[in-house]
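**Q** Please work out how this folds:
(chains A and B)
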Amino acid sequence: MLDIKLIRENPDFVRDGLATRNSPVDIAEVLALDERRRAAITEADQLKNTRNDVSRQIGVLKKAGQDTSEIQRQTREIGEKIAALDNAVREIEAQQEKLMLAIPNLPHASVPRGRDAADNVVVRQWGQPRQFDFAPQDHVAIGERLGLFDFDRAARIAGAGFPLFTGPGARLERALIQFMLDMHTTRHGYTEIAPPHLVTTAAMTGTGQLPKMADDMYHASRDDLWLIPTAEVPVTNLYRDEIIRAPLPLKYVAYTPCFRREAGSAGKETRGLIRVHQFDKVELVKFVPPETSYDELEALVRDVEHVLQTLELPYRVLQLCSGDMSFAAAKCYDIELWAPGHNGWLEDSSCSNFEAFQARRANIRWKNAHGKTEFVHTLNGSGLALSRLYVALLENGQQADGSVVLPAAIRPYMGGLERLGPPA
RNA sequence: GGAGAGAUGGCUGAGUGGCCGAAAGCAACGGUUUGCUAAACCGUCGUACUGGUAACAACCGGUACCGAGGGUUCGAAUCCCUCUCUCUCCGCCA
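**A** Numbers count the residues shown, from 1 in each chain, chains lettered A, B, ... in the order given. Below is the predicted model of the structure:
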């Protein structure tokens, strides 16, 4: 959510920023509602002030044994006016809130303006796509041959679009999770969190998934709980409605499964692990002072890159243009993995600075150096999503004989196994 | 799922209709004292909205907030209703 004061005081600045986002939003209505809201509040507050004064007098008069029935009758009328105004304020606030929740974040000054993914900028690339002396296969062919997963049986259990890892494939999934958690906790200074996988509507609204993404998420209607599409939701909500007392920055890492309906994506990448309704992810979340949030973003990206470098997987870092950034982001880097079987780059991580956008929605504050209470800045990044990392690992590690060589860093987590071979 | 108890400011904890935004203690912050530390003493010490002065810091006023939402009343932390959460006991259960 944007600061209503910013919109009120610098409407042109806000209009310009929003114009670079992909979904056009008009702030005129918000401004008009804000005007009406403040007028109604002022009027109601003045009446309440009067009522408070009179009520106090009634108490004094009664104690003195005087008749106060007439003055009470008058005050009751004031009370009725107040109630009507309070209702009006509530109504206006609800409308204003609804509009405010639909306004995306403003892009940071360093974000290139652009319409869509075509205007994103490649910031750097690490590693070179490997040259094959045979035709590289895609991860589905590799995995099925090696018995790492079984999509047919997964469909029997849960329908299309769910993964089912088997044997060494399941172990590799677990190994990657553990490897990344270990790296982020022991090398990068993150605290591990194992959060709930279902969350309330308030939590989803706090991080910005609701109301906009309701159709993309699984909802347990009986209990009105939502399955998390990312650990960002429960972890960022750790401090909802709180003034953080611990010194910032706070850095958390959490492994969770992620659930996404992928409504509107029917037919795209339906094969294999690339687009699935459930995938595992190790997520990084930071709560930081506003002054350092952009430094923290760069550090966050480096932490994610460190994982890929250690796994020896070629990747590139993209800076997203204003039109391609997600709703809540002020600045965002995507990290894409090279996938030889698809002969292309796969988006596997998104690292964003949300500035105070989420903190304002979720009401997460801290006391700054001057003792003043202010909203924190929140950041998060995938560090990383398992399914596509898995794809890259299989496709980059595949050999002419059909086996897959595992990166040295992951072998200790696989009981020393160096390569995945065909089942006996 | 059943029965009971509870939810007050960073923490502990008073407060059952008006002088309560809320005692007291602790913690924190500023200061005095001090060779240093400690102690003692003095002061400050919630948040949001809103009006004004003023301007990107601050000051003055108003309003609201004692788990959340409604209600009664001239007036609610205090009385009533609903909900949420916590604790204890019972039942069930990985």
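**Q** residues in chain A within reach of RNA strand B, list them.
**A** Contact residues (CB under 7 Å from any atom of the strand) of chain A with RNA strand B: A:4-5, A:9, A:34, A:37-38, A:41-42, A:44-46, A:48-49, A:51-56, A:58-59, A:62-63, A:72, A:75-76, A:79, A:90, A:243, A:245, A:365, A:370-373. Using the backbone N, CA and C atoms, a C-beta is placed for each residue, glycine as well.
**Q** Buried subset of the residues you listed, written for PyMOL?
**A** Here is the PyMOL command that selects the buried residues among the residues of chain A next to RNA strand B (16 or more other CB atoms under 10 Å):
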select buried, chain A and resi 4+34+37+41+44+51+54+75+365
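**Q** Inside strands: which ones of the residues of chain A next to RNA strand B?
**A** Among the residues of chain A next to RNA strand B, the residues falling in strands (DSSP state E) are A:243, A:365, A:373.
**Q** which among these gets closest to RNA strand B?
**A** Nearest to RNA strand B out of those is residue A:373 (CB to the nearest atom of the strand; 4.1 Å).
**Q** Show me what the closest one is bridged to.
**A** On the basis of DSSP bridges, residue A:373 takes part in beta bridges with residue A:367.
**Q** List the residues that contact it.
**A** With contacts defined as CB atoms under 8 Å, 6 or more residues apart in numbering, the neighbours of residue A:373 are A:243, A:365, A:366, A:367.
**Q** per-residue pLDDT, the first one?
**A** Here the pLDDT value assigned to residue A:243 is 87.
**Q** same question, the third one
**A** Predicted confidence (pLDDT) for residue A:366: 90.
**Q** Show the contacting residues for the closest residue to it other than its chain neighbours.
**A** Setting aside the residues directly before and after it, residue A:366 is nearest to residue A:244 in space (CB to CB, 6 or more residues apart in numbering), at 4.3 Å. Counting by CB under 8 Å, 6+ apart, residue A:244 touches A:250, A:287, A:364, A:365, A:366, A:376.
**Q** Taking those residues together, which two end up most distant?
**A** In the contacts of residue A:244, the most distant members under the criterion CB to CB are A:250 and A:365, with 13.0 Å between them.
**Q** Okay, strands next: where are they in the stretch 251-400 of chain A?
**A** Per DSSP state E, counting those that start in this stretch, the stretch 251-400 of chain A has strands spanning A:278-288, A:315-319, A:331-339, A:344-353, A:364-367, A:373-375, A:377-385. These are given in chain order.
**Q** Name the stretch among those strands that sits most buried.
**A** A comparison of these by mean neighbour count, using mean count of other CB atoms under 10 Å, puts strand A:377-385 on top with a mean of 27.
**Q** Going by contacts, tell me the helices and strands next to that one.
**A** In this structure, strand A:377-385 packs against helix A:168-186, helix A:232-236, strand A:278-288, helix A:293-310, strand A:344-353, helix A:357-362, with contacts taken as 3 or more CB pairs under 8 Å, 6 or more residues apart in numbering; DSSP states H and E.
**Q** State the distance from the residue nearest to residue A:366 to residue A:235.
**A** 14 Å (CB to CB, to the nearest Å).
**Q** what do you get for residue A:371?
**A** According to CB to CB, residue A:371 and residue A:235 sit 27 Å apart.
**Q** Please apply the same query to residue A:32.
**A** According to CB to CB, residue A:32 and residue A:235 sit 37 Å apart.
**Q** Looking at the two, which is more packed in?
**A** More neighbours sit around residue A:235 than around the other of residue A:32 and residue A:235, counting by other CB atoms under 10 Å; the figures are 24 against 12.
**Q** Residue A:286 is in contact with that one, correct?
**A** No - counting by CB atoms under 8 Å, no contact exists between residue A:235 and residue A:286, whose distance comes to 9.8 Å.
**Q** and the contacts of residue A:373, which two are the farthest apart?
**A** Farthest-apart pair in the contacts of residue A:373 is A:365 and A:367; separation 7.9 Å (CB to CB).
**Q** ok, now which ones touch the residue nearest the centre of chain A?
**A** The structure's chain A has its C-alpha centroid closest to residue A:232; by CA atoms, centre = their mean the separation is 4.8 Å. The contact partners of residue A:232, by CB under 8 Å, 6+ apart, come to A:207, A:283, A:285, A:380.
**Q** Now pLDDT and distance to residue A:213 too, for these, in JSON lines please.
**A** Compiled in JSON lines, the contacts of residue A:232 are given as follows (pLDDT from 0 to 100; distance: CB to CB, whole Å):
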{"residue": "A:207", "pLDDT": "89", "distance to residue A:213": "10"}
{"residue": "A:283", "pLDDT": "97", "distance to residue A:213": "17"}
{"residue": "A:285", "pLDDT": "96", "distance to residue A:213": "18"}
{"residue": "A:380", "pLDDT": "96", "distance to residue A:213": "15"}
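**Q** Which single one of the residues you listed is nearest to RNA strand B?
**A** Top of the list for closeness to RNA strand B, among those and by CB to the nearest atom of the strand, is residue A:207 at 19.3 Å.
**Q** my read: that closest one touches residue A:326, true?
**A** No - in this structure residue A:207 lies outside contact range of residue A:326 using CB under 8 Å: 11.0 Å.
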